[in-house]
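Student: Return a 3D structure for these sequence lines:
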Amino acid sequence: MFFDARNYAGAARVLDGLVEEVPEQTGPRLLLARAYYHSAQLHRAEAELRLIVERDPVESYARLMLGRTLQRQGRYEEAATHLRIASALAGEFEEV
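Tutor: Residues are numbered from 1 along each chain as shown. Now for the predicted structure:
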């Protein structure tokens, strides 16, 4: 509902409480990271995504989002690493 209304800050407030209740679950944390990303809370998005990637290094969507979050912060070299990993995990390989 919050995402449909593009109320990402509101979504983040709700999801933050949910993540506190079930910190081991990836789904709510990914949604929280998306809400932070879309509401330009990039450092918070990065922190959530790094936690997900630390717990599950092959979570391709978290890698993709982390790469995009780092790009928005102007950290292109760091972003490229995560974007390459996300592509590889999704089966998308660069042709040489």
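Student: Residue 42: how many residues sit nearby?
Tutor: Neighbours of residue 42 under the rule other Cβ atoms under 10 Å: 17. In this view, the C-beta of every residue, glycine as well, is placed from N, C-alpha and C.
Student: my read: it touches residue 68, true?
Tutor: No: counting by Cβ atoms under 8 Å, residue 42 stays clear of residue 68, with 9.8 Å between them.
Student: any idea where the helices of the protein begin and end?
Tutor: 8-21, 26-38, 42-55, 60-72, 76-89 (DSSP state H).
Student: can you put these in JSON lines and add mean pLDDT and distance to residue 1?
Tutor: As requested, these are exported to JSON lines (pLDDT from 0 to 100; distance: least, Cβ to Cβ, whole Å):
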{"stretch": "helix 8-21", "mean pLDDT": "90", "distance to residue 1": "8"}
{"stretch": "helix 26-38", "mean pLDDT": "94", "distance to residue 1": "12"}
{"stretch": "helix 42-55", "mean pLDDT": "96", "distance to residue 1": "20"}
{"stretch": "helix 60-72", "mean pLDDT": "96", "distance to residue 1": "21"}
{"stretch": "helix 76-89", "mean pLDDT": "94", "distance to residue 1": "28"}
